[in-house]
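Trainee: here is my input, please return the structure:
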Amino acid sequence: MRSIVCRYETAELLAEALASPDRELPVIRKPRSSDAPPESHRSATDGEWVLAIVELSGRASAAAARIRKHGDSIAVVFEPRDWARVKQLANEAPATDRSPVVRKSSQPPRSVMKKLGDAGGARILLVDDDGEVREVVTAMLEAVGFAISSAKSGEEGLAVLERERFDLVVLDWTLPGMSGLELCRAVRARWAKLPVLFLTANAGTRDVVEAFAGGADDYVVKPFRAPELGARIFGLLRRT
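Mentor: Predicted coordinates:
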């Protein structure tokens, strides 16, 4: 599944877009200078389902949405429940985010995941070839106290595991070169007690069965909700 970013630099710009009666957000929104989407997004097709990542000053929310094309520009259309979540992102913006001054960096807010447990500095390796997914998942997990390292391929992930100690591995199924399933099997063969969680768009029953047969401990399908991912991770860490 393609990842699409809707990036807003101030809460005012996001609130303005949220006035849409069609639950629609432009893919990229910068202060008046340019509303054009990045080149990598222009191949998206009308009606395509995507993982929409809404960013506001370094904080993010992710949910499934459909592409809507308007000539050369594109937007994403959310279901009612997910539209409410995007509105919550704007409503919870700190006062400093409501200024026209763009902050160069900011710490993502602690989500409801913090109610699930204490991360205790647990170290997680995230293996995914999608840079935007890595960025969003890292922000979500670091916000509740996890220490995150990432890799873009199965081979890179395996090399990192050989050098460093981790408490859990989160990996995608579709990776360049070594697949996520092959990496899972390699992890299980060498680090028998290390928990492995698949975070993938592969939702077929056969894929789920193969993942567990290959040694996976849990399986979360993209698009995902941050509280669910947090609950699964805390659950695995408590058991191990």
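Trainee: where exactly do the strands run in the protein?
Mentor: 3-8, 24-26, 28-29, 49-56, 59-70, 73-78, 123-127, 147-151, 168-171, 196-200, 218-221 (DSSP state E).
Trainee: mean pLDDT for those - can I get that in JSON lines?
Mentor: Converted to JSON lines, those look like this (pLDDT from 0 to 100):
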{"stretch": "strand 3-8", "mean pLDDT": "77"}
{"stretch": "strand 24-26", "mean pLDDT": "85"}
{"stretch": "strand 28-29", "mean pLDDT": "52"}
{"stretch": "strand 49-56", "mean pLDDT": "78"}
{"stretch": "strand 59-70", "mean pLDDT": "79"}
{"stretch": "strand 73-78", "mean pLDDT": "86"}
{"stretch": "strand 123-127", "mean pLDDT": "96"}
{"stretch": "strand 147-151", "mean pLDDT": "94"}
{"stretch": "strand 168-171", "mean pLDDT": "96"}
{"stretch": "strand 196-200", "mean pLDDT": "93"}
{"stretch": "strand 218-221", "mean pLDDT": "89"}
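Trainee: how about the ones you listed in a markdown table, adding mean neighbour count and distance to residue 86?
Mentor: The way it works is simple: take the backbone N, C-alpha and C, and place the C-beta from them, glycine included. Below are the strands of the chain laid out as a markdown table (neighbours: other CB atoms under 10 Å; distance: least, CB to CB, whole Å):
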| stretch | mean neighbour count | distance to residue 86 |
| --- | --- | --- |
| strand 3-8 | 23 | 8 |
| strand 24-26 | 20 | 7 |
| strand 28-29 | 19 | 13 |
| strand 49-56 | 22 | 5 |
| strand 59-70 | 20 | 6 |
| strand 73-78 | 22 | 6 |
| strand 123-127 | 22 | 24 |
| strand 147-151 | 18 | 24 |
| strand 168-171 | 24 | 24 |
| strand 196-200 | 24 | 21 |
| strand 218-221 | 17 | 20 |
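Trainee: residue 91 is nearest to which of the ones you listed?
Mentor: Across the strands of the chain, residue 91 has its closest neighbour in strand 49-56 (10.8 Å, CB to CB).
Trainee: from the contact counts, what lies against that closest one?
Mentor: The contact analysis (3 or more CB pairs under 8 Å, 6 or more residues apart in numbering; DSSP states H and E) places strand 49-56 against strand 3-8, helix 11-17, strand 59-70, strand 73-78, helix 80-91, helix 131-142.
Trainee: contacts for that strand next, please.
Mentor: Strand 49-56 is touched from outside by 1-11, 14, 25, 44, 60-67, 76, 78, 86, 89-90, 93, 97, 132-133, 136, 201, 222-223, with contacts defined as CB atoms under 8 Å, 6 or more residues apart in numbering.
Trainee: tell me the strands beside that strand, with direction?
Mentor: Counting by DSSP bridges, the strands paired with strand 49-56 are strand 3-8 (parallel), strand 59-70 (antiparallel).
Trainee: straight-line length of stretch 202-218, end to end?
Mentor: Its first and final residues considered, stretch 202-218 spans 13 Å by CA to CA, to the nearest Å.
Trainee: which parts of it are buried?
Mentor: Going by neighbour count (16 or more other CB atoms under 10 Å), the buried part of stretch 202-218 is 202, 207-208, 211, 214-218.
Trainee: for stretch 15-22, same thing?
Mentor: 17-18.
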